[in-house]
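here are the coordinates; sequence isn't available:
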């Protein structure tokens, strides 16, 4: 299948997912004023909408056009996790609009230098002394930069099996050569974390170094803060191949970039108050 065929198939699958969440195909067609017969061609993958219709469809669902062509499994995960609805609701809150207007310096740059996929490294609070490698994606959705990242923890008894999975979704705010982030955990929906990062280039490699902080969702509500290293891997959105290597690593594992390990140190400065 060529790229056009893959794009058509991805769009068709994602439109079906969105229609499932919005009642019926007929209702969607009425809302966006697109002929039902024509829309059925989009759903079959036989046709890709014109640029105008793509914008109409994307605007109706509160998405950017590129997101409509996301890998279907990942797209369904985001939709079923209520991510798009939560982000759209947050964007419409007057409090959020005031925050953006008052606290964020307006910047028309496209920030293509930070959009893309990253390996994310930090010392694990569950596996003491081990480095957690997760996968993070920063992408543009209309006027906002947003991100999501996935963590997987292997079982203590059988490292080949996954014991825990956490998914975080949020907003990114570039400001004065730094990147500020706010994200929430989307599976248990009981945690909000904050980060601040600065770009660093080491030879041909591109990193962002910073810290992440929050308050644990436990009965003791311990505050915590830890160093985080982001290693840029390329453009696009997360796919299955980016998720297969998510795990915890011994700090001496050569798979950890030397620059990331130098920044993280030995984990002794991780703050977890009790």
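That came through fine. All figures in this text were calculated on a predicted structure; none of them were measured in a lab. Residues are numbered from 1 along each chain as shown.

buried sites along stretch 21-31?
Under the neighbour-count criterion of 16 or more other Cβ atoms under 10 Å, stretch 21-31 has 25, 28, 29 buried. (C-beta placed from N, C-alpha, C; glycine too.)

stretch 134-144 too?
For stretch 134-144, by 16+ other Cβ under 10 Å, it's 134, 135, 136, 137, 138, 139, 140, 141.

partners of the second one in the sheet?
Using DSSP bridges, the beta-bridge partners of residue 135 come out as residue 119, residue 150.

just the helices in this structure please.
Using DSSP state H, the helices of the chain run over residues 3-21, 25-32, 36-44, 51-61, 72-80, 83-92, 94-103, 240-243, 258-264.

export those to TSV and tack on mean pLDDT and distance to residue 164?
TSV is the format used below for those (pLDDT from 0 to 100; distance: least, Cβ to Cβ, whole Å):
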stretch	mean pLDDT	distance to residue 164
helix 3-21	85	26
helix 25-32	88	36
helix 36-44	91	36
helix 51-61	87	31
helix 72-80	72	16
helix 83-92	57	19
helix 94-103	59	30
helix 240-243	84	14
helix 258-264	94	21
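
of all the ones you listed, which one is nearest residue 191?
Closest to residue 191 of the helices of the chain, according to Cβ to Cβ: helix 83-92, at 13.8 Å.

sorry, back to before: what's the closest of the buried residues of stretch 21-31 to residue 214?
The nearest member of these to residue 214, counting by Cβ to Cβ, is residue 28 at 37.6 Å.

tell me who's in contact with the closest one.
18, 19, 22, 39, 60 (Cβ atoms under 8 Å, 6 or more residues apart in numbering).

for residue 9, see how far away the first one is.
Counting by Cβ to Cβ, to the nearest Å, the gap between residue 18 and residue 9 amounts to 15 Å.

the second one too?
When Cβ to Cβ is applied, the distance between residue 19 and residue 9 equals 16 Å.

and what of residue 172?
Per Cβ to Cβ, residue 172 is found 30 Å from residue 9.

select the longest strand from this structure.
strand 162-175 (DSSP state E).

list the buried ones in that one?
Buried-residue list, strand 162-175, by 16+ other Cβ under 10 Å: 167, 168, 169, 170, 171, 172, 173, 174.

pull the distance from that strand to the chain's centre.
6 Å (Cα atoms, centre = their mean, to the nearest Å).

mean confidence for that strand?
Mean pLDDT, computed over strand 162-175, is 86.

tell me the strands beside that strand, with direction?
With DSSP bridges as the test, strand 162-175 pairs up with strand 144-154 (antiparallel), strand 178-185 (antiparallel).

ok, and what's touching the shortest one?
The list of residues contacting strand 178-185 from outside it, by Cβ under 8 Å, 6+ apart, reads 86, 114, 147-149, 166-174, 191-199, 208, 210, 217.

going by distance to residue 124, which of the contacts of residue 28 wins?
Closest to residue 124, out of all of those and judged by Cβ to Cβ, is residue 18, at 35.8 Å.

residue 32 versus the closest one, what's the distance?
Distance, residue 18 to residue 32, using Cβ to Cβ: 11 Å.

neighbour-wise, which of the two wins?
Between residue 18 and residue 32, counted using other Cβ atoms under 10 Å, residue 18 has the larger neighbour count: 20 against 14.

so that one sits against residue 58, correct?
No - between residue 18 and residue 58 there is no contact under Cβ atoms under 8 Å: 10.2 Å.

thinking again about what came up before, residue 19 and residue 9 - which one has more neighbours?
Legend: neighbour count by other Cβ under 10 Å for residue 19 and residue 9, higher for residue 19 (18 against 15).

contacting residues around that one?
25, 28, 43.

swap in 7 Å and give it another go.
25, 28 (Cβ atoms under 7 Å, 6 or more residues apart in numbering).

just give the nearest non-adjacent residue to the residue most central in space within the chain, would you?
By Cα atoms, centre = their mean, the chain has its centre lying nearest to residue 148, at 1.6 Å. Excluding the flanking residues, the one nearest residue 148 by Cβ to Cβ, 6 or more residues apart in numbering is residue 169, at 4.6 Å.

next: residue 130.
Going by Cβ to Cβ, 6+ apart, residue 130 has residue 248 as its nearest residue, at 4.3 Å.
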